[in-house]
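In: Kindly return the folded structure for what I paste below:
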Amino acid sequence: MATKEEVLEDFLKCFRISLNFILLYAKDHKSFLKAVADLRVKTVALFVYLHPIEINFSADALAIEGVVYSKMSLHRELAALFHQRKIQSLIIRRGITLEELVVLMDKLALAPRDIIKSGGLAEIISGIIKNPHFTVVDLDYSQLLRGEGEEVKDIWLFMLHGAVATEDLKKFREFAKSFEDMVQKCKVRDLLENNELNQDLHKFLDHLKKTDHEKFISSSRAILKFILKDKSVIMDDEKIKKLKAFVPELGIDDYSQVLWNEIVTDANFDVSSFQFFSKFLGEDEHQKVADNLSRNLSGQEGRKMPANVSRKVKELFSSSAGESSISEIYRRAISAVGVSTIADEGAVFDHKQVIVNYHYILLNLFSEEKNIRQLEFLVNKLSQEWDKIAQERDMEYLKCLGEVIQKKTPSLNIELFHRLSKNFYNFIEAFIWEESIPAGFEAFFETMDVSSFGVEVYFKKIFEEDKVNARILKAFFRFFPNKFPEFCERLKDKRSDIDFVVKVLESLKEVDPALGLPVMELIFAFSNDIVKVEILRSMAATGKYNREFVFEVLKGSGNFMKKEALAVFSQQQDHQRAMELLFLIPNPWGKKNAVLEENLLIVGELFPRAGSSFADG
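Out: Predicted coordinates for the structure are as follows:
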């Protein structure tokens with residue numbers, strides 16, 4: 001008789017197989033139904049030793065009867081799958097039916113994001129089965145809001161939608177508590193493009209306006225603050241109008257307070273932020289806000305203002321700050337405050353523009369100079385100005401500087417020049433890791449042939465910090481072509497992190513197939529069936545594939561993988577060869593009849609006409 005440990009392992013393996021099948025097939029597919037039937041047999045066998053069957057999940061381990069299971073990939077993969085779907089535990093009781101297991105597996109196959117948006121797996125199940133012989137315990141979503149990233153934003157948006165949809169006063173109050181912090185995790189693009197969020201947010205604010213006016217105003221201020229921080233969207237009048245609709249009740253004092261707080265507390269609030277702010281008000285309103293700002297500057301808070309904030313005020317309202325008529329309103333209003341005579345300095349002496357001109361003069365002199373002593377002098381001056389140059393992020397200037405550095409590199413052997421060159425390339429390459437990049441960066445980056453960071457920095461960022469996108473992978477493959485094997489080994493080590501592997505695969509779709517396909521094929525070799533299917537579907541979607549690789553998959557795989565491989569082919573000659581592989585096989589005494597029938601079924605599902613023609617033949 002099998003031991004308890006053996007029966008438990010059989011149960012977990014069968015559970016994983018059933019999940020594999022539902023992730024690949026519809027819930028009425030015979031292969032999936034057979035796997036679930038086997039799972040029910042294994043479940044009943046485990047009841048002899050354990051009832052109820054209660055499994056708790058962490059990010060990379062299972063816990064059953066207080067014992068932690070994490071050594072086998074089976075345990076880690078199951079744990080990751082449940083944890084990604086924010087499930088704390090699963091409890092299975094005697095009497096569980098095949099139909100109940102089918103529903104459980106079918107809903108576990110939903111994408112984590114869809115589960116979160118629907119309120120969790122327990123909520124989904126409760127709408128399908130009443131009093132099932134299993135219980136799903138979801139993680140507490142309110143506790144998950146303490147995390148970071150897109151996942152937290154999804155949970156928050158779900159909570160917002162739930163509060164609005166049910167008009168539950170308790171949910172409204174709970175949501176309002178976290179609103180001011182959580183709205184900062186959104187993007188302006190979400191407000192402009194996500195219609196559901198747009199409607200939910202308006203309904204939430206309408207509710208606050210009627211029930212808690214003080215919270216309504218503070219929430220509206222928080223929205224304005226978050227809008228001003230996001231510079232990733234190019235604004236036009238239509239977008240501004242749509243964004244202003246979220247804060248229609250804010251008055252002059254509210255705008256004044258938000259502007260003051262951003263100037264004093266946000267180091268990233270700059271001229272472009274102020275230009276954005278200026279679009280929300282008319283000139284008469286700006287005059288009142290400017291008067292309030294003047295009073296703040298002359299008051300106790302203004303007298304305690306650090307020197308760097310004072311300099312920021314000068315820069316924000318200088319004549320180079322864009323909207324000159326608006327800037328002039330603020331310069332006039334604060335001219336008597338005595339913040340280093342802002343009004344006069346803005347109109348007569350534009351310090352920022354002088355610095356920009358100085359940088360271009362240095363660059364022009366450096367570009368044309370031939371005398372080694374003068375070159376050393378100019379390199380020294382450019383090096384001294386590097387921090388300011390980097391802070392400006394003027395891509396046009398940086399492009400010119402890059403051209404001059406490339407021009408001088410072969411002939412100029414000066415240590416300080418090598419250091420300046422390294423700083424420059426480090427700075428440019430660092431943009432790779434940022435979510436939003438300056439206009440013109442992509443074309444400029446294409447001119448770089450060598451990484452200034454080294455491969456270990458890329459490995460750390462990609463595999464430890466999970467920073468992956470097409471831009472990063474393109475850079476890695478261009479800079480470190482000989483590191484393909486190590487890249488794949490590290491990817492293999494993370495194969496249990498399905499979300500990460502899928503993110504890599506999604507990014508590879510935008511990479512040159514000559515580079516991306518070999519990596520996909522290597523990933524295929526060490527991955528589970530879920531990821532293998534994702535790879536084949538990616539190839540099918542892009543139309544880019546290595547035909548010999550796909551033919552090998554077709555020849556050496558089971559039925560469900562054959563179907564995915566067959567769907568990849570887009571060329572008529574490939575379809576013809578595939579049909580030959582599937583049907584022109586030796587069949588003495590009908591020994592291969594079952595195989596031929598399975599192949600016929602696969603072809604019939606994908607290409608109904610082709611399947612019927614083979615059947616007729």
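In: Please enumerate residues in contact with stretch 236-247?
Out: 188, 191-192, 201-202, 205, 220-221, 223-224, 227, 233, 279-280 (CB atoms under 8 Å, 6 or more residues apart in numbering). Backbone N, C-alpha and C define where each C-beta goes, glycine included.
In: list the buried ones in that stretch?
Out: Buried residues in stretch 236-247, counted by 16 or more other CB atoms under 10 Å: 239, 243, 246-247.
In: can you redo these as JSON lines with pLDDT, secondary structure and distance to Ile53?
Out: Listed next are the buried residues of stretch 236-247 as JSON lines, based on pLDDT from 0 to 100; DSSP: H, G, I helix; E, B strand; the rest coil; distance: CB to CB, whole Å:
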{"residue": "Lys239", "pLDDT": "83", "secondary structure": "helix", "distance to Ile53": "53"}
{"residue": "Leu243", "pLDDT": "87", "secondary structure": "helix", "distance to Ile53": "51"}
{"residue": "Phe246", "pLDDT": "85", "secondary structure": "coil", "distance to Ile53": "49"}
{"residue": "Val247", "pLDDT": "86", "secondary structure": "coil", "distance to Ile53": "52"}
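In: Closest to Thr97 out of the residues you listed?
Out: Phe246 (49.0 Å; CB to CB).
In: tell me the phi and psi of that closest one?
Out: Here is the backbone geometry of Phe246 (degrees, to the nearest 10): phi -80, psi -20.
In: From Phe280, how far off is it?
Out: Remark: distance between Phe246 and Phe280 (CB to CB, to the nearest Å) = 11 Å.
In: Over to Val289?
Out: Applying CB to CB to Val289 and Phe280 gives a distance of 10 Å.
In: Among these two, which residue is more densely surrounded?
Out: Val289 (25 against 19; other CB atoms under 10 Å).
In: And the closest residue to that one other than its chain neighbours, how close does it get to Arg295?
Out: Using CB to CB, 6 or more residues apart in numbering and skipping the chain neighbours, the partner closest in space to Val289 is Ser256 (4.8 Å). Distance of Ser256 to Arg295, given as CB to CB: 9 Å.
In: residues of the helix or strand containing Leu554 that come out buried?
Out: Here Leu554, judged by DSSP states H and E, is contained in helix 547-556. Buried residues in helix 547-556, counting neighbours by 16+ other CB under 10 Å, are found at 549-551, 553-554.
In: Dump those residues into TSV; add distance to Glu434 and pLDDT as well.
Out: Formatted as TSV, these follow (distance: CB to CB, whole Å; pLDDT from 0 to 100):
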residue	distance to Glu434	pLDDT
Phe549	35	88
Val550	36	86
Phe551	41	87
Val553	37	85
Leu554	42	84
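In: and the nearest residue to Asp529 once chain neighbours are set aside, what does it touch?
Out: Spatially, and ignoring its direct neighbours in sequence, Asp529 is nearest to Asn20 (5.0 Å; CB to CB, 6+ apart). Applying CB under 8 Å, 6+ apart to Asn20 gives the contacts 35, 528-530.
In: ditto for Ile602
Out: 559, 562-563, 566, 582.
In: Report the buried members of the residues you listed.
Out: 562-563, 566, 582.
In: follow-up on the earlier one: closest to Ala111 among the contacts of Ile602?
Out: Among these, Lys563 lies closest to Ala111 (CB to CB), at 21.2 Å.
In: If you drop the residues flanking it in sequence, what lies closest to the closest one?
Out: Lys563's closest residue in space is Ile602 (CB to CB, 6+ apart), at 4.8 Å.
In: mind checking how far Gln573 is from Glu580?
Out: From Gln573 over to Glu580 (counting by CB to CB), the distance is 11 Å.
In: whoops, Gly251 was the one
Out: Per CB to CB, Gly251 is found 76 Å from Glu580.
In: got it, and Lys4?
Out: 51 Å.
In: Could you list the low-pLDDT ranges of the stretch 201-350 of the chain?
Out: Residues of the stretch 201-350 of the chain that meet the criterion pLDDT under 70 lie in 231-235, 300-305, 307, 318-324, 335-350.
In: repeat that for 80
Out: Low-confidence segments of the stretch 201-350 of the chain (pLDDT under 80): 230-237, 267-268, 270-273, 275-276, 297-328, 331-350.
In: Helices of that one, residue ranges please.
Out: Counting by DSSP state H, counting those that start in this stretch, one finds helices in the stretch 201-350 of the chain at the ranges 213-229, 237-244, 252-265, 271-278, 283-298, 300-303, 307-316, 324-334, 342-348.
In: Go through the ones you listed and name the closest to Glu597.
Out: Nearest to Glu597, of all the helices of the stretch 201-350 of the chain, is helix 237-244, at 58.3 Å by CB to CB.
In: quick check: angle from that closest one to helix 213-229?
Out: 150 degrees (axes from the mean of the first three to the mean of the last three CA atoms, to 10 degrees).
In: Run the angle between helix 237-244 and helix 271-278 for me.
Out: Using the same axes, to 10 degrees, helix 237-244 lies at 70 degrees relative to helix 271-278.
In: From the chain's centre, how far out is helix 237-244? Work that out for me.
Out: Relative to the chain's own centre, helix 237-244 is displaced by 26 Å; criterion: CA atoms, centre = their mean, to the nearest Å.
In: again, but for stretch 21-34
Out: For stretch 21-34, the separation from the chain centroid amounts to 30 Å (computed by CA atoms, centre = their mean).
In: And that stretch, end to end?
Out: Stretch 21-34 has an end-to-end distance of 10 Å (criterion: CA to CA, to the nearest Å).
In: which parts of that stretch are buried?
Out: Applying a neighbour-count criterion of 16+ other CB under 10 Å, one finds 21-25, 32-33 buried in stretch 21-34.
In: how about the helices of the stretch 51-200 of the chain, start to end?
Out: Under DSSP H, counting those that start in this stretch, the stretch 51-200 of the chain gives helices at 73-84, 98-108, 112-117, 121-126, 141-144, 150-166, 169-182, 188-193, 195-211.
In: average model confidence for the fifth one?
Out: This means helix 141-144. Taken as a whole, helix 141-144 has a mean pLDDT of 54.
In: same deal with the fourth one?
Out: Model confidence over helix 121-126, given as mean pLDDT, is 90.
In: that older thread, I'd like the next helix or strand past the helix holding Leu554.
Out: Next in sequence after helix 547-556, counting helices and strands by DSSP H and E, comes helix 559-566.
In: That following helix to helix 547-556, inter-axis angle?
Out: Between helix 559-566 and helix 547-556, the angle comes out at 160 degrees (the same axes, to 10 degrees).
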